[in-house]
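*Asks:* Just need the structure, nothing else, for what follows:
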Amino acid sequence: MDDVAEMGLHSLYAPISQARGSFVLGQLGQSLDGRIATPTGHSRTIGGPEAIAHLHQLRALADAVVVGVGTVTTDDPQLTTRHVHGPSPVRVIIDPNGRLPHDACVLHDDGIPCIAVQGHPMARPPRIEGLTLPSSNGRIDVHALVKALTERGLKRILIEGGAHTVSAFLAAGALNRLHICVSPVIIGSGQTGICLPQIARMEQAMRPPCMTHRLGDDVLFDFDLDETLSPTGAEAQ
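*Replies:* As a prediction, this is how the structure comes out:
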């Protein structure tokens with residue numbers, strides 16, 4: 001927790017660090033115009049160093065970090081806490097159809113457990129645990145995933161990406177908290193961030209309680225979703 005003290009953001013991290021039961025936090029970094037990557041998929045330099053440290057602090061506080069297989073194939077993340085003090089969380093890859101590359105960084109033999117969430121039993125490399133859960137049209141039931149991880153003692157869960165995965169958890173009412181970190185950069189094209197089922201009127205839009213924090217040049221929006229969401233969907237890929 002030394003990094004939390006140094007950043008002076010106790011209120012930002014307290015909900016996940018002090019959680020006793022299941023707690024699910026979604027995180028996205030995006031440009032001012034709502035893009036999370038260029039059309040080629042490049043995204044690593046959208047956020048500044050403080051935003052990167054924030055993400056790694058969330059990992060250090062989480063028991064498990066969840067990403068979709070698309071994030072692995074596009075960004076090849078390590079999902080470690082190398083920029084802060086603290087343990088790296090269990091890696092959880094949503095991979096319903098066995099697309100996980102055998103040379104992905106998340107499969108390195110570095111002692112960090114890795115779980116591949118699949119829609120049906122399939123062969124996995126020796127150090128990967130396959131977790132078979134209900135799925136529909138190639139999409140995993142996100143509530144079943146949260147339940148399965150919680151039963152394994154992985155109660156503090158970080159949903160890190162990509163946008164489709166975070167959106168699926170948000171639409172399903174499966175997030176307790178949502179962090180959206182906005183950087184002062186305009187990309188102009190490329191993949192957008194949150195995408196939910198269509199609404200007809202602004203009265204239907206989500207307006208959860210929100211606090212803002214400055215992370216260097218970036219602005220972090222911290223949304224409290226515990227009492228504001230109702231499920232509108234429940235599957236992720």
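
*Asks:* Could you use CA atoms for every contact and neighbour count after this?
*Replies:* Fine.

*Asks:* number of nearby residues for residue 214?
*Replies:* 14 (other Cα atoms under 10 Å).

*Asks:* brain fart, residue 83
*Replies:* Quick note: residue 83 (other Cα under 10 Å) scores 15 neighbours.

*Asks:* Show me the beta-bridge partners of residue 31.
*Replies:* Per DSSP bridges, the residues bridged to residue 31 are residue 183.

*Asks:* any idea how far residue 20 is from it?
*Replies:* To residue 20, residue 31 is 33 Å away according to Cα to Cα, to the nearest Å.

*Asks:* Please compare these two by neighbour count and tell me which comes out ahead.
*Replies:* Each of residue 31 and residue 20 has its neighbours counted (other Cα under 10 Å); residue 31 has more, 22 against 10.

*Asks:* The more buried one reaches residue 189, doesn't it?
*Replies:* No. Shown here, residue 31 and residue 189 do not form a contact pair, counting by Cα atoms under 8 Å, at 10.4 Å.

*Asks:* Would you mind identifying the helix or strand in the chain with the lowest mean pLDDT?
*Replies:* One helix or strand of the chain scores below all others by mean pLDDT, DSSP states H and E: helix 2-7, with a mean of 46.

*Asks:* So which bits of the helix or strand just after that helix are buried?
*Replies:* Where DSSP states H and E defines the elements, the next helix or strand beyond helix 2-7 is helix 10-17. With burial defined by 16 or more other Cα atoms under 10 Å, the residues of helix 10-17 counted as buried are 12-13, 15-17.

*Asks:* ditto for stretch 51-62
*Replies:* 51-62.

*Asks:* From these, which land in helices?
*Replies:* If you go by DSSP state H, these have 51-61 in helices.
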